[in-house]
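In: only geometry, no sequence info:
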């Protein structure tokens with residue numbers, strides 16, 4: 001690969017370039033044994049490895065041989081991979097050394113430093129800010145996720161989960177992701193935003209779009225994907241204007257943004273960014289853990305039997321599902337000073353990827369980490385929600401939805417059988433499952 005391949009493109013080039021050209025340039029054999037690839041050539045961030053579900057051995061090798069690993073050439077440019085649990089926690093809790101700022105490159109591989117970003121393609125959000133702005137904006141929506149408010153939602157979640165399950169077909173194949181995982185999270189998102197339930201599918205669509213912008217099977221160019229995302233802004237701009245006219249602030253996420261001191265004057269691209277953050281955060285983590293959990297139980301039949309014999313394991317099982325699935329595969333940071341990590345010198349401006357999916361398979365932290373253990377004693381101590389100031393704001397809501405869903409499943413069914421191969425998302429950011437064919441025996 002030429003040196004030019006790693007030079008940052010201009011904004012116009014980056015978003016107008018054909019996705020197919022990018023994928024052709026960085027084509028790989030997703031089934032090649034990573035131990036046969038020179039260590040310095042390993043690029044675990046390649047989305048094709050996640051789509052093929054062949055990436056875990058890459059992280060296994062790096063944890064053993066190069067826990068803080070430098071990849072010089074990739075479709076994202078050079079970056080460091082942080083693969084061990086303790087190192088991930090260190091980076092995540094040292095925001096003074098490692099920045100989330102979108103203008104420095106943000107929280108995903110592929111983000112480029114840009115002090116004067118184009119607002120059409122630059123969607124700032126509070127997870128891509130450092131203090132104090134991050135803290136101020138996060139505080140605006142935090143009341144939605146208090147223990148008291150979640151308690152008020154529990155009955156509604158249980159009622160909806162029950163209806164979804166009662167409407168499932170028996171003795172015929174269907175897609176668990178679409179009929180169950182997406183349906184529950186979509187309904188709850190519509191409630192959190194206080195929009196009509198019939199519009200919930202729009203939220204799921206925009207969540208999917210945000211993770212498929214670089215996929216040549218979905219969009220010809222990234223620019224096409226961003227144009228679709230701006231339809232989300234058009235929808236929520238109307239919601240904003242409606243909430244701004246209300247005499248009394250509503251108890252929903254948009255009303256909170258409308259009346260929040262640090263959010264009431266956001267420009268359109270920042271409003272869109274924060275709405276997408278709340279949509280993706282409220283959808284992808286829970287949705288993929290619901291799907292990944294059922295798949296994992298089918299892959300570990302003795303654990304499924306253990307669950308059927310002891311339904312009281314559900315709360316701990318939920319944490320184990322989230323560890324095992326690792327629905328957010330990575331979060332990225334940019335070093336703001338020269339520093340050292342795992343014996344490696346990290347230079348100011350370097351991109352650093354914390355691989356949560358790898359930290360959750362670290363055998364220094366978890367016994368037999370590649371095995372699902374629904375009664376694992378330390379299942380809650382996973383990396384999936386992050387650490388420090390950016391720890392997932394809705395983690396308790398996600399856990400509650402998973403817990404209630406499985407409590408309701410166990411009231412109705414014995415085993416739910418996976419009857420075909422899962423289809424995985426082509427993304428190294430969200431570790432997602434698009435399709436999971438299942439059958440509920442009559």
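Out: It's in. Remember, predicted model here, so these are calculated numbers, not experimental data.
In: so where is the stretch 151-300 of the chain shaky, pLDDT-wise?
Out: Applying pLDDT under 70 to the stretch 151-300 of the chain flags no residue at all.
In: all strands for it, in order.
Out: For the stretch 151-300 of the chain, applying DSSP state E, counting those that start in this stretch gives strands covering 174-175.
In: Likewise for the stretch 1-150 of the chain?
Out: Using DSSP E, counting those that start in this stretch, strands in the stretch 1-150 of the chain cover 68-71, 79-82, 98-99.
In: Export the ones you listed as a markdown table, with columns for distance to residue 343.
Out: Where C-beta positions appear, they are placed from N, C-alpha and C, glycine not excepted. Formatted as a markdown table, those follow (distance: least, CB to CB, whole Å):
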| stretch | distance to residue 343 |
| --- | --- |
| strand 68-71 | 7 |
| strand 79-82 | 12 |
| strand 98-99 | 17 |
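In: Quick one, which of those strands gets closest to residue 385.
Out: Between residue 385 and the strands of the stretch 1-150 of the chain, the shortest separation by CB to CB is 16.5 Å, and it involves strand 79-82.
In: I'd like to know the average pLDDT value across the closest one.
Out: Mean per-residue pLDDT for strand 79-82: 98.
In: So what touches that strand?
Out: Under the contact criterion CB atoms under 8 Å, 6 or more residues apart in numbering, strand 79-82 has outside partners 44-45, 62, 67-71, 88, 91, 109, 332, 341-342, 344, 346, 350-355, 358.
In: Give me the subset of those lying in helices.
Out: 62, 88, 91, 358 (DSSP state H).
In: and residue 441, which of the strands of the stretch 1-150 of the chain is closest to it?
Out: Closest among these, using CB to CB: strand 79-82, at 42.8 Å.
In: residues contacting residue 339?
Out: Here residue 339 is in contact with 97, 345, 346 (CB under 8 Å, 6+ apart).
In: Pull out the buried residues from the residues you listed.
Out: 97, 346 (16 or more other CB atoms under 10 Å).
In: can I get the contacts of residue 339 in JSON lines with pLDDT and distance to residue 280?
Out: JSON lines is the format used below for the contacts of residue 339 (pLDDT from 0 to 100; distance: CB to CB, whole Å):
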{"residue": "97", "pLDDT": "98", "distance to residue 280": "26"}
{"residue": "345", "pLDDT": "98", "distance to residue 280": "34"}
{"residue": "346", "pLDDT": "98", "distance to residue 280": "28"}
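In: Closest one of the contacts of residue 339 to residue 16?
Out: So of the contacts of residue 339, ranked by how close each gets to residue 16 (CB to CB), first place is residue 346, at 32.3 Å.
In: Test my guess that the closest one contacts residue 333.
Out: No - checked against CB atoms under 8 Å, the pair residue 346 and residue 333 is beyond contact range at 10.0 Å.
In: what do those two both touch?
Out: With CB under 8 Å, 6+ apart, residue 346 and residue 333 have common neighbours residue 352.
In: count of residues packed around residue 27?
Out: Counted with other CB atoms under 10 Å, the neighbours of residue 27 add up to 10.
In: Residue 96 now?
Out: Residue 96 has 10 neighbours, counted by other CB under 10 Å.
In: With adjacent residues omitted, what lies nearest to residue 363?
Out: Leaving out its chain neighbours, the residue that sits closest to residue 363 by CB to CB, 6 or more residues apart in numbering is residue 369, at 5.3 Å.
In: can you check residue 435 too?
Out: In space, residue 435 is closest to residue 423, 3.9 Å off (CB to CB, 6+ apart).
In: which SS class is the residue nearest to residue 363?
Out: Following DSSP: H, G, I helix; E, B strand; the rest coil, the label given to residue 369 is coil.
In: Got phi/psi on it?
Out: phi -70, psi -20 (degrees, to the nearest 10).
In: If we go by neighbour counts, what in the helix of greatest length in the chain is buried?
Out: Longest helix in the chain by number of residues (criterion: DSSP H): helix 268-299. Of all the residues in helix 268-299, those buried under the rule 16+ other CB under 10 Å are 268-298.
In: same question, stretch 306-318
Out: So stretch 306-318, judged by 16+ other CB under 10 Å, has buried residues 306, 307, 313, 314, 316, 317, 318.
In: Surely the fifth one touches residue 372?
Out: No - with the criterion set as CB under 8 Å, residue 316 and residue 372 do not qualify as a contacting pair; they are 11.9 Å apart.
In: surely residue 200 meets residue 194?
Out: No - if you go by CB under 8 Å, residue 200 and residue 194 don't touch, sitting 11.9 Å apart.
In: So those two - more neighbours on which side?
Out: Between residue 200 and residue 194, residue 200 has the larger neighbour count (other CB under 10 Å), namely 21 against 15.
In: Residue 25 reaches residue 46, doesn't it?
Out: No - using CB under 8 Å, residue 25 is not in contact with residue 46; the gap is 11.8 Å.
In: joint contacts of the two?
Out: Contacts common to residue 25 and residue 46, judged by CB under 8 Å, 6+ apart, are residue 75.
In: So those two - more neighbours on which side?
Out: residue 46 (23 against 11).
In: Would you map the helices across the stretch 101-250 of the chain?
Out: 133-141, 147-166, 176, 182-193, 200-210, 222-244 (DSSP state H, counting those that start in this stretch).
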